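Engineer: Fold the stuff below for me.
(2 chains)
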There are 2 protein chains.
Amino acid sequence: MSVGTASKALNGRGQLRAETRDRVRAAAQELGFVPNAVAASLLSGRTYTVGLIMTDHHGRFGLPIPHGAEDALGWGETVAFVCDTRDDPIREQHYVRSLLRRRVDGIIVAGRRTEARLPLAGIPASMAAGGPAVPVVYAFARSADAGDCSVVVDEAAGAVTAVEHLVRTGRRRIAHVTGPHGHASVRARVEGTHRALRAAGLDLVGEPWYGGWSEVWGRFAAAALTRSHPEVDAVFCGSDVIARGVADGLRESGRRLPDDVALVGVDNWAPVAEGCRPPLTTVDLNLREVGRVAGTLLLRAIVHGTEAGLHTVACRLVVRASSAPA
Amino acid sequence: MSVGTASKALNGRGQLRAETRDRVRAAAQELGFVPNAVAASLLSGRTYTVGLIMTDHHGRFGLPIPHGAEDALGWGETVAFVCDTRDDPIREQHYVRSLLRRRVDGIIVAGRRTEARLPLAGIPASMAAGGPAVPVVYAFARSADAGDCSVVVDEAAGAVTAVEHLVRTGRRRIAHVTGPHGHASVRARVEGTHRALRAAGLDLVGEPWYGGWSEVWGRFAAAALTRSHPEVDAVFCGSDVIARGVADGLRESGRRLPDDVALVGVDNWAPVAEGCRPPLTTVDLNLREVGRVAGTLLLRAIVHGTEAGLHTVACRLVVRASSAPA
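Structural biologist: Numbers count the residues shown, from 1 in each chain, chains lettered A, B, ... in the order given. Now for the predicted structure:
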């Protein structure tokens, strides 16, 4: 049998009798033959690999995003090179070059913060000598270039959902304890909080409490809040970690949760939200869905070319005992 | 200039004048030329890619391992396909085939639990028709085949370190609250606890308290422990999450930490250990070092062939306020 016949049988190309094809495949299996995808990709022009550039692979924000992307890309066919830049632009450049050399079909860039980021440098334009343009999809942190394709979370709407839930369950004197003012997601959550309160004819109790993303800050803020605003009957917190500190601080100030004060966090980070006492109602940012949408858009871009656009994923509220009706 | 000359200049091969080489490289850069690593790998026989098969990419155990592996492999040169099997043997098989087709130079398999695991199925032997054997290194969960190369944590020794620290800081009535008896790491920690107590001429207070890996279990155990063994002056916990529950339970039973009872956990999981009151002394499993050793061994195996062996990484104790001297 010729090499050509064997090749046709193994690659499902050409016209062969079923019997011939089956004989070749059986022999290949017996010999432990594994097709060489590297060689095949030189012919097809596609490598069925993508790059996943993360700025926080090992922290908790990045995690659900690759999981969702994997779901969309059918990882078995398209496998991902995962590159952790550790927030270092030199490492990012290094990885971009490395991925381009490996002829990835596309790249997903997942951010850790929601501030818009500069587009990846070094991606050749479609007509450049470096080969066809490589599609890029930005996830969580959108690209500052409106000509790029980005998937983000509607964080302000997430805050609206949290506050509407508190209002609907009978709370009227709602405070907001959150992270650093400099973070875009902090400002988006404050904006959503004000918007939902206005729509309900309410005012925020005091000013937003800006601080760190820590339990210590939450405990401190709760103690100060109950002194300055003893009338507070609910606290919307900028993160689950802060909320946990607020829960402990409120309890130590003599408040019962949720009877006296209801509590809502953001992140739905299981170990923190479920360990909270009582277990924490929280806004889930749907990061896995962000990854899934990014993967789907990337696959489409690989086949049809990149479509510019900003895609938004909605948050969802996960209700637990910390916000039972007053 | 011939294609051959340009190729030599770009690949650093052959004998060319420095001036010629520089001119070719400058022209290539101007044109945005990116060398095709896919084509190059067909000639060199190496792809400078590895597979990283994880059973828990998105949980917290797997995370430091790829970080460490990345440090060792110099990810820029050797890039990793990250495959999350989600604890599903069918997904694992699928990924093994996919990685072999892509001609990875080697594979790291990172486990989530410390039970020995079956070797990866489907890796061709060195003489098989599928090509040269692909080296595999097992990290955290060792291979059940002593002919494989594995890197594990010495968990019993980690427990010894924790108990020795408690004894050295003046504690004498030490209890142990931990996870499910069925887990190998639980049994290893119990064994280390007994060994260190025996060496100090002490007995464990009561029996080990086996339960779940949760704060709720820790709180429950602390309440029961202070009732049944009010003399307890230290608790070594099987995880940071359990220790956090124990801390809250002890406090609510009227014990001051660390004055009345000292506390040590396992994991050094920052959000839990640092959020604990007081901040938690804990055994760090050195997972990043496990990844670094696995990466180093894999690089060596790629060049020189796999050496069978079980490599052990030591734990280290991170001392915080929960175990200040009594």
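Engineer: how about the strands of chain A, start to end?
Structural biologist: A:49-54, A:79-84, A:106-110, A:136-139, A:149-153, A:174-178, A:209-210, A:234-237, A:262-266, A:281-284, A:309-313, A:316-318 (DSSP state E).
Engineer: Tell me which of these sits most buried.
Structural biologist: Among the strands of chain A, judged by mean count of other C-beta atoms under 10 Å in any protein chain shown, the one packed with the most neighbours on average is strand A:234-237 (a mean of 31). C-beta coordinates here come from the backbone N, C-alpha and C atoms, glycine included.
Engineer: Would you mind listing where the stretch 1-150 of chain A has pLDDT under the threshold?
Structural biologist: Along the stretch 1-150 of chain A, segments meeting pLDDT under 70 span A:10-14, A:29-35, A:40, A:42-43, A:56-62, A:75-76, A:125-132.
Engineer: my bad, the stretch 201-326 of chain A
Structural biologist: In the predicted model of the stretch 201-326 of chain A, residues A:326 satisfy pLDDT under 70.
Engineer: Select, out of the strands of chain A, the one closest to chain B.
Structural biologist: Evaluated with C-beta to the nearest C-beta, the strands of chain A place strand A:79-84 nearest to chain B, the distance being 4.0 Å.
Engineer: now the angle from the closest one to strand A:49-54?
Structural biologist: Counting by axes from the mean of the first three to the mean of the last three C-alpha atoms, to 10 degrees, strand A:79-84 lies at 20 degrees to strand A:49-54.
Engineer: Return the distance of strand A:79-84 from the chain's centre.
Structural biologist: Its chain's C-alpha centre and that of strand A:79-84 lie 15 Å apart, by C-alpha atoms, centre = their mean, to the nearest Å.
Engineer: Can I get it as PDB, trimmed to CA atoms?
Structural biologist: Extracted C-alpha coordinates of strand A:79-84, given in PDB (Å, rounded to 0.1, in the frame of the first residue of the first chain):
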ATOM      1  CA  VAL A  79      -6.100  23.900  23.200                       C
ATOM      2  CA  ALA A  80      -4.900  27.000  25.000                       C
ATOM      3  CA  PHE A  81      -1.400  28.200  25.800                       C
ATOM      4  CA  VAL A  82      -1.900  29.900  29.200                       C
ATOM      5  CA  CYS A  83       0.500  32.800  29.700                       C
ATOM      6  CA  ASP A  84       0.600  34.600  33.000                       C
END
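Engineer: Specify the angle between that strand and strand A:106-110 in degrees.
Structural biologist: If you take the same axes, to 10 degrees, strand A:79-84 sits at 40 degrees to strand A:106-110.
Engineer: Strand A:79-84 close to chain B?
Structural biologist: Yes. Residues of strand A:79-84 contacting chain B under C-beta under 8 Å from any C-beta of the partner chain: A:79-84.
Engineer: neighbouring contacts of that strand?
Structural biologist: With C-beta atoms under 8 Å, 6 or more residues apart in numbering or on different chains as the test, strand A:79-84 has contacts from A:48-58, A:66, A:69-70, A:73, A:91, A:95, A:98-99, A:102, A:104, A:108, B:49, B:52, B:66-67, B:70, B:75, B:79-83, B:95, B:98-99, B:102.
Engineer: The single longest helix found in chain A: how far from the chain's middle?
Structural biologist: Selection of the longest helix in chain A by residue count, based on DSSP state H, yields helix A:287-304. Mean-position distance between helix A:287-304 and its chain equals 12 Å (C-alpha atoms, centre = their mean).
Engineer: Check which helices and strands it sits against.
Structural biologist: When contacts are defined as 3 or more C-beta pairs under 8 Å, 6 or more residues apart in numbering or on different chains; DSSP states H and E, helix A:287-304 packs onto helix A:64-73, strand A:106-110, strand A:136-139, strand A:149-153, strand A:309-313.
Engineer: Please enumerate residues in contact with it?
Structural biologist: For helix A:287-304, the surrounding residues in contact (C-beta under 8 Å, 6+ apart) are A:46, A:50, A:61, A:63-73, A:78, A:105-108, A:110, A:135, A:137-140, A:149, A:151-153, A:307, A:311, A:313.
Engineer: now the strands of chain A as a markdown table including distance to B:R173?
Structural biologist: Formatted as a markdown table, those follow (distance: least, C-beta to C-beta, whole Å):
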| stretch | distance to B:R173 |
| --- | --- |
| strand A:49-54 | 47 |
| strand A:79-84 | 45 |
| strand A:106-110 | 49 |
| strand A:136-139 | 52 |
| strand A:149-153 | 50 |
| strand A:174-178 | 40 |
| strand A:209-210 | 42 |
| strand A:234-237 | 39 |
| strand A:262-266 | 37 |
| strand A:281-284 | 39 |
| strand A:309-313 | 53 |
| strand A:316-318 | 42 |
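Engineer: Contact partners for A:E231?
Structural biologist: Taking C-beta under 8 Å, 6+ apart, one finds A:173, A:205 in contact with A:E231.
Engineer: just to revisit the earlier point, got the buried residues for the longest helix of chain A?
Structural biologist: Buried positions in helix A:287-304, judged by neighbour count with 16 or more other C-beta atoms under 10 Å in any protein chain shown: A:287-302.
Engineer: Columns distance to B:W213 on top of the helices and strands packed on helix A:287-304, output as CSV?
Structural biologist: Formatted as CSV, the helices and strands packed on helix A:287-304 follow (distance: least, C-beta to C-beta, whole Å):
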stretch, distance to B:W213
helix A:64-73, 21
strand A:106-110, 28
strand A:136-139, 31
strand A:149-153, 30
strand A:309-313, 31
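Engineer: right, and those - which one's nearest B:V38?
Structural biologist: Closest approach to B:V38 among those is made by strand A:106-110 (15.2 Å; C-beta to C-beta).
Engineer: Could you list every helix and strand in contact with the closest one?
Structural biologist: Judged by 3+ C-beta pairs under 8 Å, 6+ apart, strand A:106-110 is in contact with strand A:49-54, helix A:64-73, strand A:136-139, helix A:287-304.
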